[in-house]
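[1] requesting a structural model of the entry that follows:
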Amino acid sequence: MASVSMLSTGRSGRAWSIGLFAAYLAACLAFAPAPPLLAQDAAKKDAAPAAPAPAADTPKADAPAADAAPKADAAAPTGESTAPVARKSLLRWAIEASGPIGLFLLCISVYFTALVIKLFMELRVSEAVPAALVEKLETAIKDRKFQEAYDACRDNDSFLARLVRTGVANLPNGRAEAKEAMNATQDEIVTSLEARISYLAIIGTLGPMIGLVGTIAGMIASFQEIATAAGAQPKPEKVAEGISTALFITLEGVSLSVPAIFFFALFRNRIAQMALESSKVAERTISALLAAAKQNKAPSA
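    Down below sits the predicted model:
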């Protein structure tokens, strides 16, 4: 049973690792730099609508021809420029538009990623119910070495070891008292584990709020540019800069909140599964311990 649970846990861990790598790869592809735009192409687009001047037989045709010559000379340097005008990549644009609020969200994202990896390694059924400990307990009870069974739990700090240790310590007061003490210990362990994953819920709640702050700041910057134009034409790039700030920070806040809420629910279900499996094995161990103790006393009677 323990080996099956360990195998399923390993498979789920590998599946989550593959999923996280695929998400990271998709993000890298989304932020790939855009191809540059050549100035020569832009010059061709500007020069395309212009049609050649029609030929005229009248003497007035000399004057337009003379005026057209300087214009052609002036346009010549523009047409000769073939240097590429590099466009900003989406990643660079996002970094510049996000500003300090985006940097704060990035720091939270790094902490969030480290916390999720750590919880994936610790919140596993194989860690809560170690197969080696179960084997030691079964062997010690079968050989009626009760002190050895207690020492095995005392030297271990897993979920199962703490429950069995509590049950064995309260067995002299009766099985009902031992079970009640085990339930109290189980509630204590579950509460401490849920406190550790509560940071994911906090991140999931604060993500949209931080994004809303960025939205308000970006819209204020855009409207400030429009309001302070003093009747003149507002600069479109300044207005677009504020709007992009609002949109990017909103996207970053929501992108951080959604996985945080998802992993909070995932780990909460894992804690419930760990508590269930540990409780079942602990009760089975206590029952086997009592049965072995009764068999040990029967021949002496």
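
[2] quick one: low-confidence residue ranges for the stretch 151-300 of the chain.
    Applying pLDDT under 70 to the stretch 151-300 of the chain flags residues 296-300.

[3] for it, which segments count as helices?
    Counting by DSSP state H, counting those that start in this stretch, one finds helices in the stretch 151-300 of the chain at the ranges 159-170, 175-227, 236-297.

[4] so which of these is the most surrounded?
    Stretch with highest mean neighbour count among the helices of the stretch 151-300 of the chain: helix 159-170 (a mean of 23; mean count of other CB atoms under 10 Å). Placement of C-beta: from N, CA and C, glycine included.

[5] touching that one from outside, list them.
    For helix 159-170, the external contacting residues (CB atoms under 8 Å, 6 or more residues apart in numbering) are 127-130, 133-134, 137, 146, 149-150, 152-154, 177-182, 184-186, 189, 274-275, 278-279, 281-282, 285-286, 289.

[6] quick one on the thing from earlier: pipe the helices of the stretch 151-300 of the chain into TSV and attach distance to Leu123 per row.
    Formatted as TSV, the helices of the stretch 151-300 of the chain follow (distance: least, CB to CB, whole Å):
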stretch	distance to Leu123
helix 159-170	10
helix 175-227	7
helix 236-297	5
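
[7] so for Ile95, which of those helices sits nearest?
    Evaluated over the helices of the stretch 151-300 of the chain, closeness to Ile95 peaks at helix 236-297, with 9.0 Å, by CB to CB.

[8] what about the strands in the stretch 51-200 of the chain?
    Under the criterion DSSP state E, counting those that start in this stretch, the stretch 51-200 of the chain contains strands at 84-85.

[9] quick one, which of the helices of the stretch 151-300 of the chain is nearest to Gly102?
    So among the helices of the stretch 151-300 of the chain, helix 236-297 is nearest, using CB to CB, at 6.0 Å.

[10] which elements pack onto that closest one?
    In terms of contacts (3 or more CB pairs under 8 Å, 6 or more residues apart in numbering; DSSP states H and E), helix 236-297 is packed against helix 90-122, helix 125-128, helix 131-142, helix 146-154, helix 159-170, helix 175-227.

[11] can you give me the angle it makes with helix 159-170?
    Between helix 236-297 and helix 159-170, the angle comes out at 40 degrees (axes from the mean of the first three to the mean of the last three CA atoms, to 10 degrees).

[12] helix 236-297 vs helix 131-142, what angle?
    Interaxial angle of helix 236-297 relative to helix 131-142 (the same axes, to 10 degrees): 10 degrees.

[13] quick one, what contacts Phe264?
    Per CB under 8 Å, 6+ apart, neighbours of Phe264: 197-198, 200-201, 204.

[14] go through those residues and say which is closest to Gly253.
    In terms of CB to CB, no member of these lies closer to Gly253 than Gly204, at 10.5 Å.

[15] report the separation between Leu103 and Leu247.
    17 Å (CB to CB, to the nearest Å).

[16] hang on, I meant Met274
    Counting by CB to CB - Met274 and Leu247 are separated by 41 Å.

[17] and Gly102, by the same measure?
    The value you get for Gly102 to Leu247, if CB to CB is used, is 12 Å.

[18] repeat that for Ala293.
    For Ala293, the distance to Leu247 equals 69 Å [CB to CB].

[19] where in the stretch 1-150 of the chain is pLDDT low?
    By pLDDT under 70, the weakly predicted segments of the stretch 1-150 of the chain are 1-86, 88.

[20] do that again at 50, thanks
    The model of the stretch 1-150 of the chain has pLDDT under 50 over residues 1-15, 21, 24-26, 28-83.

[21] related to what we said a few turns ago, just so I know, which of the helices of the stretch 151-300 of the chain lies nearest Trp93?
    Closest approach to Trp93 among the helices of the stretch 151-300 of the chain (CB to CB): helix 236-297, 7.1 Å.

[22] export the helices and strands packed on helix 236-297 to TSV and tack on distance to Ile243?
    Below are these laid out as TSV (distance: least, CB to CB, whole Å):
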stretch	distance to Ile243
helix 90-122	9
helix 125-128	48
helix 131-142	57
helix 146-154	61
helix 159-170	51
helix 175-227	5
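
[23] can you check which of the ones you listed gets nearest to Ile261?
    Of all the helices and strands packed on helix 236-297, helix 175-227 sits nearest to Ile261, with 3.9 Å by CB to CB.

[24] counting contacts, what elements does that closest one pack onto?
    Helix 175-227 packs on helix 90-122, helix 159-170, helix 236-297, going by 3+ CB pairs under 8 Å, 6+ apart.

[25] nearest residue to Leu193 other than its sequence neighbours?
    Leaving aside its chain neighbours, Leu193 sits nearest to Ile271 (4.9 Å; criterion: CB to CB, 6 or more residues apart in numbering).
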